[in-house]
Structure formats: structure tokens, C-alpha cells
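Student: How does the following fold in three dimensions:
(4 chains)
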Number of protein chains: 2
Amino acid sequence: MNEGGLGPKPRGREASGAVRMSDVARLAQVSPITVSRCLQAPGRVAPETRDRIRAAMESLGYVPNLVAGTLASNRSRMVAALVPTLAQANHAATIDALTTRLNQAGLQVLLGSTGYSDIAELDLVRTFLGYRPQAMVLTGVTHSPEAARLLQGVGIPIVETLETGTTPLDMAVGFQNAAAGATVARHLMARGCRQPAVLTHGAASDTRAADRHRGFVAQVRACGGVEPLSVPVDPADLAGGAAGLERLLIQASGVDAVFCVSDTLALGALMACRRLGVAVPERLALIGFGDSEPGALVQPALSTVHVPKAEIGDMAAAMILARLSGQESASRVVDLGFRLVVRDSG
Amino acid sequence: MNEGGLGPKPRGREASGAVRMSDVARLAQVSPITVSRCLQAPGRVAPETRDRIRAAMESLGYVPNLVAGTLASNRSRMVAALVPTLAQANHAATIDALTTRLNQAGLQVLLGSTGYSDIAELDLVRTFLGYRPQAMVLTGVTHSPEAARLLQGVGIPIVETLETGTTPLDMAVGFQNAAAGATVARHLMARGCRQPAVLTHGAASDTRAADRHRGFVAQVRACGGVEPLSVPVDPADLAGGAAGLERLLIQASGVDAVFCVSDTLALGALMACRRLGVAVPERLALIGFGDSEPGALVQPALSTVHVPKAEIGDMAAAMILARLSGQESASRVVDLGFRLVVRDSG
DNA sequence: TTGATTGATGACAGCGCTAACATAGGGCAG
DNA sequence: CTGCCCTATGTTAGCGCTGTCATCAATCAA
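Tutor: Residues are numbered from 1 along each chain as shown, chains lettered A, B, ... in the order given. As a prediction, the model looks like this:
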């Protein structure tokens, strides 16, 4: 008996004030563990008991504390995802698909954006791992060594998206950026272009863009074309694309085609061409990347490379779910390909 | 002494296997609470102790378990956010800004998309509250009564975005959709339109679109215009906009202006006009909503209403942070306004 | 009848961390 | 030298839930 006040003074903090499982249990006249089972596996609880418990939860407005559940069960029902930015439609589409699919399976998505910074990525990886997610989705396969070490240490499924060029940390789904660049190069050369150039993303950590650039240049060389001039742009937005194109035309007057590593850059370049009176595609062919919606609407309609944005999100979710349900997936790398979309601009 | 094996058989589960705070503490020769303090308030720990602890964390590869921390401290450092869809650029921009700002303050964002469904919203609200977020961001001010009850019960800051028409559950930041609709109507009437119509979003829970529609119609009436025909479209994508416009032209041949409740619909309508040979804006004026990027690039450039997407996300974050730091914000409703952008299409 | 099996529920301990209080030692005014 | 405050660190007891086993009654084949 501690009632006499003689024992060690009880000095607990006050509880959060919310309704707890034990409150529900008391009202339903069962033990807390039965309430827990009623939530996790209703089939293992007798129907009458179940109804009584549900009525109790309803009447008390009980909201299970998943944090406590996570700590006890070591299953957080969360998946962490990192993107460079959401403001770009292709990342948004991928995340949207990923989220939808994971939600259906009862998993929530913890989202962070790195702003194309390796430091921010490392920070976010560290923090997110602190929430003990059951899986992690990253953009691209290039990370700081420290981040890679952390990620491999935790032993959860990891999916890297948008890039399948090299060996992934764990799993990868996307396409081959270098091959996409090469395809564009082949197309332009076949079309008779003789002096192609590249508008590329200046951010060092956007290795996807760098890969496309590299693949393009290699293919131009292989076809015996003039060594392509390249102009880096950062940030890679519309204004950047426009400015980049102007710079490019100043540096080399003979350029007859430009591969822009993103549709956004291409659209900016297209605007600049309009302003400067450069005829597209007659004097200058323009090819983008990503098959964004505006590209199909402008005039001349933008030639580009279509990538399966939503499918990548879907597949990433599927790979995670398969792994979490114990299947050792046969293929750790899934290449969903890309497709050259030839429209008016080149 | 329990060593004799006489006490109750210890039947604990095995621990998660990860490095714990106590491991760090042992290596650094301090108590766990000092390690905890070193993470939360390094200033309250002596410099040499701090260095020893940090070295220990480094050498063990310690990743703090924030789930346990949340349970113990009742502070999750998470903010939950719900959007109808991420695949639409204006929501993505808002969330991007929100996330960036909250991350800077050490808060993570738990993101869910409702797909414009009240049922999905309720589900997500319930689940997210289970993670005990410190604040919640919603889109729009209309929710199921059940969701509203839940949200008001938990006592965390709640910000509703994109809409400031009615009384919020707690706080709101956005603009007045009805007023935006009215502004468009005034503009069209002043321009000499006599028979305007509306392409609107059919989803019942997109009350923002419905408000714009309502405001538009009311203003047309007030100006003495012909009662506007309206065509609902769902899903509100490009194809929907195109189909909607065709239906509209069939139903009423005298229409000389169309207010589309989103830029996406307007762009679809513009495509249809091109296909049908309808001159824009000569025969048909077209106004969108949202000031999306493609709208500025198409020809004729789309007239639209600019809304401060990123600013809304920023402000939502600021309101949350203010409240969490104890300030009772003076204004619970922040109207960031909108701006009619007249370009070529109307 | 009986032992084995199944189904429903409960007792106990502990997940990894932090709030609240406690303590020890040093500096310093008076 | 006393009493007080301040700084650095430690002790204790949970946060709210679930894994693991235990229990007890009902069912059923042999």
C-alpha cells in the first residue's frame, strides 16, 4: 500500500490527456490486449466482444496511438521518401502514385525534399531513419558515402528511382538516362543535324541529367558529329532555359539542334527562340526530356522523351510491399524504359 | 538476485538490434539522460562531455529512435498534411513550400492525398492523428462532420488552405474563391461578353471550384448578363476540359466566353478550340484559374487568375510554428488574395 | 471417457526514450 | 564561513502499446 504517503513520492508527469486503450478496455470490460487485437486482427476476437469494444471506442472517441504501437511492435507502418523537389511535375506524379499505392496497403509516406543537395539529403536520411520507417524511397542512385552507409546499415528495403544505370544500394526502378540521351542523339543525327548542343542542369547532384548529357555526347561522337557544346544551367527553370539558349547561340552560331535535359529547360529555350526570331525546328531543332504536359501544348509542340513517372511510383510501392511480405524479389532492378516522342520541335 | 533462475522466467522479446542510447552512454561513460540532453540541448552539457558523447555516437553509428522519443516527450516533431492530389502543380507548390519551411524548423511532414474523396480524407485524418502530429494542414474548409469532430478534439493547430470564405476549424490561409470568380466575371462583362459559360469541376468535394463557379455566376447576374450555362467535368484533366468545351458548344451556340475553374480545364478547352477552328479570343474568350506554367506558354497565352501557391504553404508553416511556440496568433484567417492575369485568351 | 486440438482472453514485461525531480560541487556576496 | 544560486549530471518512473506465453473452456476424434 502506498496510500499512507510513506513510499517514494510519486512524481509522474501527467499523461497526454487523450483516451487510451485501457480506457476503452475498462468500458468494454475486457483487457487492453483484447482491444489491441480487435484493432489488429478483428477475426481473433469473438463477435460480441468485438461489438462491445467498437462501441466503447466510438463512445470515447478513441484514436489509437500508433507511436506507442510502433515502439512496442517495431513496425512503424511508415515509408520515407526523398525527392529533389516536388515543384517539378515528374517527381510529383511519381510520389502521388507511390503514396496512393502504399496507403492502400496501410502504409503512410513521410516525405522530404532535398533541393538537389547532398547535405540536405544526408540530414533527411538521418532524421527519417529516426522514425524507423519500414522502407525508404530515394531519387537517383548517387548519395553521399555517409548516407549510403547509414542506409545500408538499417536493413530495410530501399528503392532508388529514376535511374537504373549502376548497381543500386538495394533495389532500383527507372530507366537508363544515358541510353535516353543516346536515343535523342541518334534521332537528331538521323534527322541531319550536324552541330548539336546540350542545355544541361548545373547542379552537381542531378546525376540523372548528367547521365543523359553524357549518353548524348557519346552517341554524337559515335555518329561522327561535331563535339557538342554544352551549357550548364542552374536553377533549371524556364528563365534558366531561356538564358541558357541565348548564351549558347552567342558561343556557337552554327548550332542546329539542342538537347535540353529537361522539358522545363526546353520550354524556356523555346520562349527564347520565339523572342529572338529563331525558327524551330527549321533553323534550330529542340528536344526536351520528361514529356511534361505543357510540352504537348505549346507551338511548335515539343519533341521529348517520355518517361513512366506514375509507373515508377507504382512499381516502387509494389517492390516495397513484396519485400515487406517476405518475398525476396527476383529482380532488384526494374527498367521501365522510355520512349522518344517526336512532335514538331525537332 | 534473480540469477538463481527461481524468479519468473524472463521471456522478453529480443530488442530491435539497433544501437541504443544506453550503448552510447556506456561508451561515453555518462548516463543515458546526458546523451539525450546532448541531442536536444547541447548547450546544457559540458564541452568535453559533449565531445565524448559525439565521438561515441559516431563510432557506434547511433541513430536516435524518434519514435521512443515521441512517446516519452509527447512531441512527435511531425506535421500531417492532406491534399486532394499532388499531381496538380498548385498543390505540389504549396506542399513544397510548406515542407521546406517546416523542415528548417526541425519538423517533418507526413503527407497524404485524398483524391477529392471525403471518405479517404476521414480515413487519413484518423490514421494521421494516430501518429500524434503536432499540427495538421488540410486543403479546403469542407470536411465530413466526423473528421471535423476528430480534428477539433485533439487540440493541435490546424490550418486549412486555399480557402478563406467561411469560419475555419482553427486557422485558414488562402484567398476567397467566390471573389475570384466574381472578378473574372466583371472582367469578361467589361470586355463586352454577353453570354458567358462555366466549365466546372464535377467532384462534389472540390468546394473551392464550386465557390469560384458560384461567385462567377452571381456576378454575371449582378451585371445583368445572360444566366451562364455551366458544364461539370470530372475528372478535371486536359481531356475533360476538351470534352467539356465541345459539349458546351453543342448545348449553347451563342456562348462567347468560358470561365474554366482550373487552368488544366482551360488548356483542354483551348486544345478543343484549336481542333474545332474556334478563334480564341475573337469568337470565344477563355479564362482559366491557377496561373499554371503551361498557361503562360501556349498560344494564345491563357488569361487566368494567379494565386499565391508557395506563399500559402509558407504562411501555413509560419502560422503553425507561431502557434507551437506559444504565440496566440492574432489573425486566425489570412487572406493572401489573388490577381487577375490578362493575357491573350480573354 | 480421454487426450489432443482449437478458440478466446488475459498477465506480464518491456520497446527506447525523456519529464521531473534530485544531487553534487563550485563560485560568490555578505 | 555561511547560505544561496548556478551548472553539470544522475535517479526514477513512466509514455501507451504489443510480443510472448499462459490459461481456461469448448470441441472432437478415437
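Student: Can you tell me the element A:I33 falls in?
Tutor: helix A:32-40 (DSSP states H and E).
Student: Does at least one residue of the very next helix or strand once past that helix sit close to DNA strand D?
Tutor: Downstream of helix A:32-40, the first helix or strand assigned by DSSP H and E is helix A:47-60. No. Using CB under 7 Å from any atom of the strand, helix A:47-60 never reaches DNA strand D; the gap is at least 10.1 Å. (Glycine included, C-beta is placed from N, CA and C.)
Student: Now tell me what touches the helix or strand following helix A:47-60 from outside.
Tutor: Toward the C-terminal end, the helix or strand that comes next after helix A:47-60 (DSSP H and E) is helix A:66-73. Applying CB atoms under 8 Å, 6 or more residues apart in numbering or on different chains, the set of residues contacting helix A:66-73 from outside is A:76-78, A:132, B:65, B:67-68, B:70-71, B:76, B:127, B:130-132.
Student: could you dump these to JSON lines with neighbour count, distance to B:P32 and pLDDT?
Tutor: Formatted as JSON lines, the contacts of helix A:66-73 follow (neighbours: other CB atoms under 10 Å in any protein chain shown; distance: CB to CB, whole Å; pLDDT from 0 to 100):
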{"residue": "A:S76", "neighbour count": "23", "distance to B:P32": "22", "pLDDT": "96"}
{"residue": "A:R77", "neighbour count": "18", "distance to B:P32": "27", "pLDDT": "96"}
{"residue": "A:M78", "neighbour count": "23", "distance to B:P32": "25", "pLDDT": "97"}
{"residue": "A:R132", "neighbour count": "22", "distance to B:P32": "18", "pLDDT": "97"}
{"residue": "B:N65", "neighbour count": "20", "distance to B:P32": "12", "pLDDT": "97"}
{"residue": "B:V67", "neighbour count": "23", "distance to B:P32": "16", "pLDDT": "98"}
{"residue": "B:A68", "neighbour count": "17", "distance to B:P32": "11", "pLDDT": "98"}
{"residue": "B:T70", "neighbour count": "23", "distance to B:P32": "17", "pLDDT": "97"}
{"residue": "B:L71", "neighbour count": "19", "distance to B:P32": "15", "pLDDT": "97"}
{"residue": "B:S76", "neighbour count": "23", "distance to B:P32": "21", "pLDDT": "96"}
{"residue": "B:T127", "neighbour count": "19", "distance to B:P32": "32", "pLDDT": "96"}
{"residue": "B:G130", "neighbour count": "19", "distance to B:P32": "27", "pLDDT": "97"}
{"residue": "B:Y131", "neighbour count": "24", "distance to B:P32": "25", "pLDDT": "97"}
{"residue": "B:R132", "neighbour count": "22", "distance to B:P32": "23", "pLDDT": "97"}
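Student: Now flag whichever of those residues is closest to DNA strand D.
Tutor: B:L71 (4.0 Å; CB to the nearest atom of the strand).
Student: Distance of that closest one relative to B:T94?
Tutor: Per CB to CB, to the nearest Å, B:L71 is found 31 Å from B:T94.
Student: next one: A:G192
Tutor: 45 Å.
Student: the helices in the stretch 51-200 of chain A, which residues?
Tutor: Counting by DSSP state H, counting those that start in this stretch, one finds helices in the stretch 51-200 of chain A at the ranges A:66-73, A:89-104, A:118-130, A:145-154, A:177-190.
Student: right, I mislabeled it, should have said the stretch 201-346 of chain A
Tutor: All helices of the stretch 201-346 of chain A, identified by DSSP H, counting those that start in this stretch, fall at A:207-222, A:238-251, A:263-276, A:293-297, A:309-324.
Student: most tightly surrounded among those helices?
Tutor: Highest mean neighbour count among these (mean count of other CB atoms under 10 Å in any protein chain shown): helix A:263-276, with a mean of 24.
Student: which residues touch it?
Tutor: A:88, A:199, A:201, A:233, A:236-246, A:249, A:258, A:260, A:278-280, A:284, A:286-292, A:294-295, A:298, A:300, A:302, A:304, A:345, B:293, B:297.
Student: residue of chain A with the smallest distance to chain B?
Tutor: For chain A and chain B, the shortest gap (CB to the nearest CB) falls at A:P294, measuring 3.2 Å.
Student: what residues are up against that residue?
Tutor: A:P294 neighbours (CB under 8 Å, 6+ apart): A:263, A:267, B:293-294, B:297-298.
Student: same deal with A:T49?
Tutor: Counting by CB under 8 Å, 6+ apart, A:T49 has contacts A:28, A:30, A:34, A:38.
Student: Save those residues as JSON lines, and put in neighbour count and pLDDT too.
Tutor: Formatted as JSON lines, those follow (neighbours: other CB atoms under 10 Å in any protein chain shown; pLDDT from 0 to 100):
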{"residue": "A:A28", "neighbour count": "22", "pLDDT": "96"}
{"residue": "A:V30", "neighbour count": "20", "pLDDT": "96"}
{"residue": "A:T34", "neighbour count": "20", "pLDDT": "97"}
{"residue": "A:C38", "neighbour count": "26", "pLDDT": "97"}
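Student: ok, the residues you listed vs A:E58, which is closest?
Tutor: A:A28 (10.7 Å; CB to CB).
Student: which residues touch whichever residue of the stretch 151-300 of chain A sits closest to DNA strand D?
Tutor: In the stretch 151-300 of chain A, no residue comes nearer to DNA strand D than A:I156, which is 16.7 Å away by CB to the nearest atom of the strand. Residues near A:I156 by CB under 8 Å, 6+ apart: A:133-136.
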